[in-house]
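> return atomic coordinates for the entry below.
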Amino acid sequence: MNIFEEAKKLANQRYNRAKLLSTTGNLITRFRFSAQDKPRLQLACGRLADALDRLSGSTLQQRWNDFEKRIWTKWKAGTGRPSTLWTWGARVLVPTRMVVPSIEWLHDVHVNQWIVRLPEEHPLVEQHQLLLRAIRSVTWTSARNCHEAVCNGLRILLVRGYDSVRQIQEEDMKLLHHRWSHGTDALDATLCSLGVFARTPRRGSARHNRRRRLTASELVEIAGVPKCFCEITTLYLETYEARVSDKYRTLRHKSITLAHFWRFMHEKHRSVRHCSAVLPRHVRDYIPFAIARARAVQRTPDTGEEVRPTAYAWLITLQTFFSDICAWATETDSPFAPFAPRTIPVNRHTLLGHGFEKARARTRARITATVLDLEREMPKIRAFALQRWTAAVAAPKIKTSRGYPWSDEVDRFWDWALLELLVQSGLRIEEARELTTLDILKRSLADGRLYYLLHIKPSKYDRARVIPIGDGLGRVLAEIIRHVKRFYNSAYVPVCDHWNPVEKRPRPQAPYLLQGIRHPSTAGIETIRSRIRELSVLAESRRSDGSPLVLLPHDCRRVFASEHLNNNTPVHIIQALLGHASPDTVMIYAKLYPSRLVEEYRKTVRGLYNAHYGDDGLKNPTAEEWAAFAASCNLRDMGTHLCALPTGEHCPRGLICLGCTHAQPKKSAVPTFRRMLASHQRSLDAAHQHNEPAGQIASRELEIVRIKGALQRAQELSDDVAAAIEGVL
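Take a look at the predicted model:
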């Protein structure tokens, strides 16, 4: 047995001052201190022993615990402590494991500086060096956090009595609560790189808040269902999970909804003690209560409506509950037979006359107003996000608070990338989080041309789908992959753990796209929401009434639908792209454009066409005219330039031609471009003088960049390429 093992046994032995000082004397001779400091260290141990002599406790450890509470706090405050070297006695007892300190006491200790003074053969010295080597792989955080990560690892070893970092367990990380949050994520990543944890790194919130899926009986108990109704509620949830859907969010919603109804029955109709005794009049009494309760518990702002959408959702769930148990009760030997009422207490006629129809109409009106505001403000927000990222790329790279020189560029890139991904794909936020590199599918047509599809995993309606990847979405995906590789300094997107916070279950490890934003883990839902929300606030976007327009991830989905509807994409195609259950949801956006407006527009276009081309514009073409048309059908003459996008294909830019790779400017249009540039520059100067919102200014600056690019391309032409192309055709 060596001297360190003997010192470790002193903690639980009866306190003996002479033996303590003798052991510390032997230990000090092996410490890596100078010859002048070792006598001073022995003197400090004597002063610490003087303090321990006055404390209660039979063992050394018990006296140390009393020392932390009564003496150390006073010494820290400068009361009654030795004039110098008041911490040196602890530098001997704690690192050598003679006592086990508390995690709170170690918070104020430079524990790494204590460990380096130990003899080289001590186990903690080896573990300290191991942590220092492993922490070098953590390049995504600051040097301070890396230093704290090493110290936190040593603190866990001292508190738990471990001799190796490989003994650290998941529960030990909970010791490092919010007071010691600095470096905890870096320590987690370091332990994962060492193979201590068989997973990928997690953030602090993910380590502490991952709760398991509750069973049906636990959901019923937590929801507060009265005991007389617990059996039927539990049976229904278990059967629904087995037969219909095992989505945890749905089961939890049903348990909460049924609990509201059963508590109402228990308080207002005490004579009803069984599910089979529920009558239609009981449900009719419940409807006003549900409306009032919904107003009290709903988290969204109160709009002053008499009826809340939440109340309607509760009543639909209640209707489904009674319909299901009455239907299942008709089966042979069904366990629902004793619980089925004589008649279904609630149906669609029960909900008439309570204002739900008007509430749905008001909801549709709000969505309509929101979409109109989004169509006006979204281009400004997108331009603002692109401008911030472009400016960050061009800015000088300086060392930032997080340690790496490109943190501002990365932050602004992810703001732009998350916004563009949602706008150009129309994905739900949970669908975007589950995208992987394996979902980018490469296909080929019969003529050999390649195209790409994006596979969307089943989410809301348990149906997968694929959407085509256009130029804009392809660029966003490519930039995301490039930045993820850059974050990990890797040639590929690494596999990563993924936790589904809604369903309370892990997803399989895969190369997820939305990872490595500020941490080597997948992006959380709140991270995406906060970034999208912050962009709209910084862009100073406004609604039509002047109030701030706070952007939500689902608003990007609405913009996707309205843009495709504006570009004459068929409704059933939009339904397939968005994964809606029926075209009725898409028709909410169609109502923005009344049929009369469309008809009047068609009449105007037809009148302009006849006025320009005359009556001969509607005649059948000759063979020569048809041949000339067929030769030029792959070009669009846009006045100042030719568009090389094939006729009939959807333009992802919405005919915003300047700056597009398909646009070939005409040399003859140089004067026009100069007039456009001067006009837009005057508008930009006026916008600065009038202090317009940042989103509008960014949109104007982006348009000037496009005009300058077109002007430069037109000026660099030795010949008019557009005219030459037209001449050849």
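> alpha carbons only: can I get stretch 354-371 in CSV?
C-alpha atoms of stretch 354-371 as CSV (Å, rounded to 0.1, in the frame of the first residue of the first chain):
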residue,chain,number,x,y,z
HIS,A,354,-72.3,28.4,-29.8
GLY,A,355,-70.3,30.7,-32.0
PHE,A,356,-67.8,28.2,-33.3
GLU,A,357,-68.6,28.9,-37.0
LYS,A,358,-68.0,32.6,-36.4
ALA,A,359,-64.7,31.8,-34.6
ARG,A,360,-63.5,29.7,-37.5
ALA,A,361,-64.4,32.6,-39.9
ARG,A,362,-62.4,35.0,-37.8
THR,A,363,-59.5,32.6,-37.7
ARG,A,364,-59.5,32.4,-41.5
ALA,A,365,-59.7,36.2,-41.7
ARG,A,366,-56.7,36.5,-39.4
ILE,A,367,-54.7,34.0,-41.6
THR,A,368,-55.7,36.0,-44.7
ALA,A,369,-54.5,39.3,-43.2
THR,A,370,-51.3,37.6,-42.0
VAL,A,371,-50.5,36.2,-45.4
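> remind me, longest helix of this protein?
As assigned by DSSP state H, the longest helix anywhere in the chain is helix 356-394.
> how about the next helix or strand after that one as PDB, C-alpha atoms only?
Remark: after helix 356-394, the chain's next helix or strand is helix 407-425, criterion DSSP states H and E. In PDB, the C-alpha atoms belonging to helix 407-425 read as follows (Å, rounded to 0.1, in the frame of the first residue of the first chain):
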ATOM      1  CA  SER A 407     -18.500  33.200 -35.100                       C
ATOM      2  CA  ASP A 408     -20.400  36.300 -36.400                       C
ATOM      3  CA  GLU A 409     -20.300  35.000 -39.900                       C
ATOM      4  CA  VAL A 410     -21.600  31.600 -38.800                       C
ATOM      5  CA  ASP A 411     -24.400  33.100 -36.700                       C
ATOM      6  CA  ARG A 412     -25.600  35.200 -39.600                       C
ATOM      7  CA  PHE A 413     -25.300  32.400 -42.100                       C
ATOM      8  CA  TRP A 414     -27.600  30.200 -40.000                       C
ATOM      9  CA  ASP A 415     -30.100  33.000 -39.600                       C
ATOM     10  CA  TRP A 416     -30.200  33.200 -43.400                       C
ATOM     11  CA  ALA A 417     -30.100  29.500 -44.000                       C
ATOM     12  CA  LEU A 418     -32.900  28.600 -41.600                       C
ATOM     13  CA  LEU A 419     -35.200  31.300 -43.100                       C
ATOM     14  CA  GLU A 420     -34.400  30.300 -46.700                       C
ATOM     15  CA  LEU A 421     -34.800  26.600 -46.000                       C
ATOM     16  CA  LEU A 422     -38.300  27.000 -44.500                       C
ATOM     17  CA  VAL A 423     -39.400  29.500 -47.200                       C
ATOM     18  CA  GLN A 424     -38.200  27.600 -50.200                       C
ATOM     19  CA  SER A 425     -39.200  24.100 -49.100                       C
END
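> element containing the nearest residue in space to R17 that is not next to it in sequence?
Nearest residue to R17, sequence neighbours excluded (C-beta to C-beta, 6 or more residues apart in numbering): A49, at 5.3 Å. All C-beta atoms are positioned from the backbone trio N, CA, C, and that covers glycine. Using DSSP H and E, A49 sits in helix 37-53.
> which residues touch that helix?
For helix 37-53, the surrounding residues in contact (C-beta atoms under 8 Å, 6 or more residues apart in numbering) are 15, 17, 20-21, 24-25, 28-29, 31, 33, 60, 63-64, 67, 71, 82, 85-93.
> from those, keep the buried residues only.
The neighbour-count criterion (16 or more other C-beta atoms under 10 Å) marks 15, 20, 24, 28, 31, 33, 60, 63-64, 67, 71, 82, 85-93 among those as buried.
> return the subset of those residues lying in helices.
Of the buried ones among the contacts of helix 37-53, the ones assigned to helices by DSSP H are L20, T24, I28, L60, R63, W64, F67, A90, R91, V92, L93.
> got any ranges where the stretch 51-200 of the chain has weak pLDDT?
Across the stretch 51-200 of the chain, the ranges flagged by pLDDT under 70 are 177-181.
> ok, now with 80
Across the stretch 51-200 of the chain, the ranges flagged by pLDDT under 80 are 82-84, 108, 177-182.
> now the strands for it?
With DSSP state E, counting those that start in this stretch as the criterion, the stretch 51-200 of the chain has no strands.
> quick one: the longest helix of the chain to helix 407-425, angle?
Inter-element angle recorded for helix 356-394 and helix 407-425: 140 degrees (by axes from the mean of the first three to the mean of the last three C-alpha atoms, to 10 degrees).
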